[in-house]
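# Predicted coordinates and the sequence they were generated for:
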Amino acid sequence: MTLRLRNLSLSYGDVPAISGVDLEITQGTTLAVLGASGSGKSTLLRAVAGLEPSRGEILWGDEPLHRLPTHRRGVGFVFQDHALFPQRNVLENVRFGLEMPHYNRTDAAKRASALLDRVGLAGFEERETHELSGGERQRVALARALAPAPRVLLLDEPYGALDRELRERLMLDVREILRESGVTVIHVTHDHDEAFALGDEVAILHDGRISQCAPPSEVWGHPCDLATARFLGHTSSLHAEKVRAEGSSSSSGLNLTTALGDFAIPYENAPSNGSFDTECCVTWRPESLRAESLNGSTEGGAPLDQRGRPLLRVFGTVMECSFRHGHYLLSLETAAGRVEGISRESVPRDQRLTLALNLDEVRAYAL
Amino acid sequence: MDRHSPALTLLRRTSLSAAAFFFAVFFLWPISTVITRGVFVDGTLDLSSLTRLLSNSGLRRVIVFTFLQASVSTLGALVLGIPGAYAFSRLAFRGRAGVLALLTLPFVLPTVVVGSAFVALLGENGPLGGLHLNGSLAAIVLAQICFNYAVVVRSVGSQWAHIDHSAAQASRTLGAGPARTWLRVTLPSIKPSIVSSALIVFLFCFTSFGLILILGGPGTATIETEIYRATMQSLDLRTAAALSILQILVVGGVILSGMRAGRVDGRSPRWRPSGSGLLKLNSKRSLVLTANLLVVVLLVGAPLGVLISRSFTTSSGLGLNWYRSLGELGSTGLAETPLKALSNSLTFAAVATFIAVPLGLIIALAVTVKGGQTISARFMERAVMLPLGVSAVTLGLGYLLTLDTPPLDLRTSWWLIPIAQAIVATPFVVRIAVPIIASTDQRLRDAAALLGARPSRVWRSVDLPVIRSAVATGAGFAFAISLGEFGATAFIVRPETTTLPIAIYRLLGRPGETNFGAAMASAVLLMSATAAILILLDRDSLGSRS
């Protein structure tokens, strides 16, 4: 079975929140939908759950879920703020979905207890929800959503309110629980780490549209357009012109002329192998531009890094330097304007620096 | 307030003692006298007057009817008010603020005005006069629902708008249909406000005096009207006192059970900081909205509309005759013209406001000192609410029984009226001022102090502006309440100090088209005065907020 969203759209008044979303999620897998605030992530889930009226189709196999009211869709939802029922204790919350007429009530308490056990909350049955910590509330919400054995589970930024350590622990636990249960999951988040760690596939939602949907490594390595690249951390960009490859050219790849100099990048580093017109935009993540000693053995030709990958010398003046995970993030003024790179050591402001841009990691996009 | 400055501490203690003395003389003493008069005869305990309440079939009927009309009215207010709460707090439609203002109008108007409006609608020559409801239980219940509809709509509505709606959505995703979700998730979440508004409405209906006096007929006497009748007509003060004791017991019981029901526990619903999204109208919701708008129009719009139209209707067509007659005594049988009564009312209300606002403010400041956490602060906050638990009628009776000996022989003095009105209004001033004053952010005081402000300067620049806004709001309410006060005034008013509410009641009780017309015009005048104050107040509080 596959969950298919076809041309799914939803507007608030005249403002479109999501438009023309097409997605396919194979049964038992997790699709992580990554998007900035206001990109329409929660709206997408609310449309799938039927909490907001939407246009387009939502199909489970051949069954049109979009024609069913929310309570008949068999879709579980873990809300961002958990939405636990305040008048019910932990067990009563988890049991709620099992109290519907079509469930066997005698098994309800047993199943609810088993689920609490599975999420690590055995013994919490009689606790009131206000006595729980953030992580515990989250686990109750998950157990409650899983109790009626939904076909599809929707997770709306479920770890947003938790501290980092708890989040890391819970993320792995939950992934295990979801794999065991074999449920199909749509998990929306604005957190890159979360999306790439948990998704069997990652979809990028931008202004209510899916710009890319692919396995995590594919999305990370080959953002499909400029906006997606920027969203995925390509913070430096500069204007470039394509040089028509002449027969005599020795370099194989896309030849580009920029204010930082001329260089070539592999064809696959541009969508449709760079079949755009003359002008384009090249981008990279800060990690691709390093303040490191260049390999001196390449005098005359293009410098190479230690693994033999082509590099471009970039000269810049340090404008800002701040410590990030294990390195220093530099903001540099160059001939092509402001770009970002990294350094192993702290660099004082106004210092001139030579850096190496790893051309294998540079991407080019149509303007 | 600065707790370290000896001068300010002395000022606070002195003013608090003065406030306590005022309450002791003008509230505790009269009320305790009423109670003593009911259960003591010649210095010995005698409960025969209380047992007579149950053995006398006439009194028993009065008591049963009081409970009956209050229960039926409360039920009616809930049945109409809960759907109204949904329609007006959850649905998005243009003119919401206007509808909320209209439906709240009867609640803020003097009971005499609402009573007159229903007389205009249901009485002889009224548009619904043919139904012969005037003087019946139905008329009383309708007017009580009209008066209290806003309590349910606003209190349940504000909780409904603020509950965590994702809980209801979670319920839908867990397989519960709309009906089950409402019963199992939404209803438990709004239950506290339903219970508390039901108790408040019951209390208002149980102690309702003016409405019943005006709309009631033979067989519709309640405890309140019976206290009045026993005092004024039969001069049977022992029965009046006994009825007052019963009234205090019932009201006290309802308030206690309300406090228990309203106690915040962990299971009370989580409130969102702001209402999360109104629902867009679809065909089903439009139908619900239309039905509720119809209720507002029929319940509130119709009586008030008819009142206004009848104040302009004369035998020879539309005209201002009745308004012109307000300056004349004519055949009214009153000692003063309705216009003079209006001027009396305005004067008394102003004096009452000047008493109630400082009194309320002193208590509010004392209550909020140290965040209101001290035992004395909590005791005071409860104690000052006592007048809410004793009907104005009982207070009026208490004044008749106590303030008749020098140096406090005030029965012939006009001062007694504003004093009584101030006692009725002060709890409201406290209720309004406490949250405003308590809302002062301690961090602002800390910031001012860190910036070098001395305690008195901190008080001037942080606390005083807040207090000023509390004074303005409290004064508006105190004035409006005093202007429409009827129960206590009815006992202590003298012909030459007649207030407008009393004049309207007397005019309605007299035969003749002129008197009826003058009553209608006076009621419209009183309604306009009250509405004007509240509109000013609203604008003022909006202005200070912005």
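Now that the structure is in, tell me what you want to look at.
# which other residues reach stretch A:159-179?
With CB atoms under 8 Å, 6 or more residues apart in numbering or on different chains as the test, stretch A:159-179 has contacts from A:28, A:30, A:80-81, A:118-120, A:134-135, A:138-139, A:142, A:146, A:153, A:158, A:185, A:189, A:191, A:194, A:197-198. The C-beta positions use only the backbone N, C-alpha and C, and glycine is treated the same way.
# among these, which are in strands?
Among the contacts of stretch A:159-179, the members found in strands (DSSP state E) are A:Thr30, A:Leu153, A:Val185, A:Thr189.
# Which parts of the chain belong to which domain?
Using chain A here. A:2-222, A:229-366 (automatic domain parsing).
# wait, chain B
For chain B, the structural domains run B:1-14+B:319-372+B:420-546, B:53-222+B:251-311, going by automatic domain parsing.
# For chain A, which of the ones you listed is the nearest?
Chain A lies closest to domain B:53-222+B:251-311 among the domains of chain B, at 3.5 Å (CB to the nearest CB).
# what is the mean pLDDT for the closest one?
In this model, domain B:53-222+B:251-311 carries a mean pLDDT of 87.
# again, but for stretch A:263-283
81.
# what's that stretch in contact with?
Under CB under 8 Å, 6+ apart, the answer for stretch A:263-283 is A:222, A:224-226, A:229-230, A:234, A:236-242, A:251-256, A:258, A:302, A:310, A:312, A:359-360, A:362-367.
# Buried ones in stretch B:216-236, by neighbour count?
B:216, B:220-231 (16 or more other CB atoms under 10 Å in any protein chain shown).
# what residues does it touch?
So stretch B:216-236 is in contact with B:59, B:61-63, B:65-66, B:69, B:134-137, B:140, B:206-209, B:212-213, B:237, B:239-240, B:243-244, B:246-247, B:391, B:393-394, B:397, B:400, B:487, B:490-491, going by CB under 8 Å, 6+ apart.
# what's the answer for stretch B:431-444, then?
Residues contacting stretch B:431-444 (CB under 8 Å, 6+ apart): B:360-361, B:364-365, B:367-368, B:371-372, B:381, B:385, B:462-463, B:466-467, B:469-471, B:473-474, B:477.
# Pull the residues that contact stretch B:500-510.
With CB under 8 Å, 6+ apart, stretch B:500-510 has contacts from B:110-113, B:115-116, B:119, B:210, B:213-214, B:331-334, B:336, B:338, B:341-342, B:344-345, B:483-486, B:489-490, B:493, B:498, B:515-516, B:518-519, B:522-523, B:525-526.
# Report the buried members of the residues you listed.
For these, buried by 16+ other CB under 10 Å: B:110-113, B:115-116, B:119, B:210, B:213-214, B:332, B:334, B:336, B:338, B:341-342, B:344-345, B:483-486, B:489-490, B:493, B:498, B:515-516, B:518-519, B:522-523, B:525-526.
# quick revisit: export the ones in strands among the contacts of stretch A:159-179 to a markdown table and tack on neighbour count?
A markdown table is the format used below for the ones in strands among the contacts of stretch A:159-179 (neighbours: other CB atoms under 10 Å in any protein chain shown):
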| residue | neighbour count |
| --- | --- |
| A:Thr30 | 23 |
| A:Leu153 | 21 |
| A:Val185 | 26 |
| A:Thr189 | 21 |
